[in-house]
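Q: next come a sequence and a model predicted from it.
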Amino acid sequence: MRNNATCLGETSPPSGRLLSKRATWGVGSWVALALWANPVAAQAPTPNARDISAVDAARLYHTACATCHGLRGDGNGRGVARLGTPRPRDFTAGVFKFRSTPSYAPPTDEDLYRVILRGVPGTWMPAWNRLLSEAEMWALAAYIRGFSTPSELDPPIEIPDPPEPTPELVREGQAVYAVLQCGQCHGVAGRGDGPSADDLRDDWEYPIDAYDFTRGNYKNGSTPSDLYRTLVTGLSGTPMPALERENLTFPGGPDVDVTPMQQGLDPERAEWVGAFVAAQPTAVELEAMTEGEVVALVQHRTWALVYYVRSLNRPAGAFYWLFRGNPDLQGTGGSQ
């Protein structure tokens with residue numbers, strides 16, 4: 001993709017509250033700051049009306065981002081060799097994991113802002129909410145968009161209000177997880193150790209790990225709405241696809257072969273999956289449903305999966321909180 005950004009020297013002074021001295025800080029300093037920062041609120045960001053010039057935005061990017069993401073936004077900054085995995089995102093490709101738009105569509109400015117604001121847990125990308133002003137983060141979002149030439153922007157998906165996370169809904173999600181065979185990558189228990197996990201690669205052929213759901217603290221946000229957004233939009237550039245309507249309108253009934261869905265499950269869970277599928281609408285019944293009924297079924301199954309994934313989270317011990325800023329110790333892979 002064409003690089004539309006103006007390249008200025010890395011030694012240019014930053015705008016706003018960033019100090020030029022910070023341009024010399026190493027990766028460890030940013031990690032320390034990421035650990036120090038308080039958790040970020042999940043509410044949607046609101047654009048700040050204060051303007052930051054294009055020149056100041058470029059200087060800000062070169063001070064705060066270029067060490068990892070590169071002066072040209074190609075993910076080949078001078079600090080990459082020390083980072084290991086996951087690799088910094090190549091902005092020039094125009095492919096972003098964390099979006100509210102359909103799979104492989106360009107992100108909205110709000111999506112870019114959200115990642116800058118919150119950071120990406122389990123990676124070297126810190127939350128910048130304690131280091132930059134709102135206006136500076138919006139300026140960075142606009143500057144990063146300029147590294148690629150996006151097509152016409154798609155509107156973000158609509159996220160319905162989350163239902164109550166009842167035990168029954170979580171149990172249904174366990175069955176949906178099995179029917180969709182999420183365990184092939186993420187493992188039967190959600191630990192990222194499925195039979196396909198060792199062979200996963202991203203679109204740039206870098207090895208990438210299936211996420212261990214038991215760790216919680218998900219990269220794209222941990223609220224139910226965050227996980228719903230992740231499931232429905234997918235993680236572009238990775239093997240994690242968007243959950244499409246056709247995935248979630250799987251037919252049920254007593255004649256469906258559930259054997260592939262039961263692989264690796266203990267007898268009790270395998271029996272539950274079989275009973276769940278047998279009780280679901282058949283292909284004929286699905287065909288007879290109204291559009292509203294189909295939409296309701298898809299949303300119900302999606303929320304069930306969301307709450308089941310959240311139920312897999314295990315409380316983190318002292319070792320996790322001590323080393324959470326080091327992705328090598330956490331086993332994350334692929335590109336941010």
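A: Cool, got the structure.

Q: what's the spacing between the helix or strand His300 falls within and its chain's center?
A: Using DSSP states H and E, His300 falls within helix 291-311. The chain centroid and the centroid of helix 291-311 are separated by 19 Å under CA atoms, centre = their mean, to the nearest Å.

Q: and it, what does it pack against?
A: helix 167-179, helix 224-233, helix 245-248 (3 or more CB pairs under 8 Å, 6 or more residues apart in numbering; DSSP states H and E). Just so you know, the C-beta spots here come from the backbone N, C-alpha and C atoms, and that holds for glycine as well.

Q: please identify the deepest-packed of the ones you listed.
A: Highest mean neighbour count of the helices and strands packed on helix 291-311: helix 224-233, a mean of 21 (counted as mean count of other CB atoms under 10 Å).

Q: now do that helix: which elements does it pack against?
A: Short answer (3+ CB pairs under 8 Å, 6+ apart): helix 224-233 packs on helix 291-311.

Q: helix, strand, or coil at the closest residue to Ala105 other than its chain neighbours?
A: Using CB to CB, 6 or more residues apart in numbering and skipping residues adjacent in sequence, the residue nearest Ala105 is Asp154, 4.2 Å away. Here Asp154 is recorded as coil under DSSP: H, G, I helix; E, B strand; the rest coil.

Q: what residues does the most centrally placed residue in the chain make contact with?
A: Residue closest to the average C-alpha location in the chain (CA atoms, centre = their mean): Asn220, at 3.3 Å. By CB atoms under 8 Å, 6 or more residues apart in numbering, the contact set of Asn220 is 97-98, 226-227, 229-230, 235.

Q: now for these: which two are most distant?
A: The largest distance within the contacts of Asn220, taken as CB to CB, falls between Lys97 and Leu227 and amounts to 14.0 Å.

Q: hmm, back to that, tell me the one of the contacts of Asn220 nearest Cys185?
A: The closest of these to Cys185 turns out to be Leu235 (CB to CB; 11.7 Å).

Q: could you export the contacts of Asn220 as a markdown table, including distance to Asp255 and pLDDT?
A: Below are those laid out as a markdown table (distance: CB to CB, whole Å; pLDDT from 0 to 100):
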| residue | distance to Asp255 | pLDDT |
| --- | --- | --- |
| Lys97 | 39 | 94 |
| Phe98 | 40 | 95 |
| Asp226 | 37 | 96 |
| Leu227 | 32 | 97 |
| Arg229 | 35 | 97 |
| Thr230 | 33 | 97 |
| Leu235 | 34 | 95 |
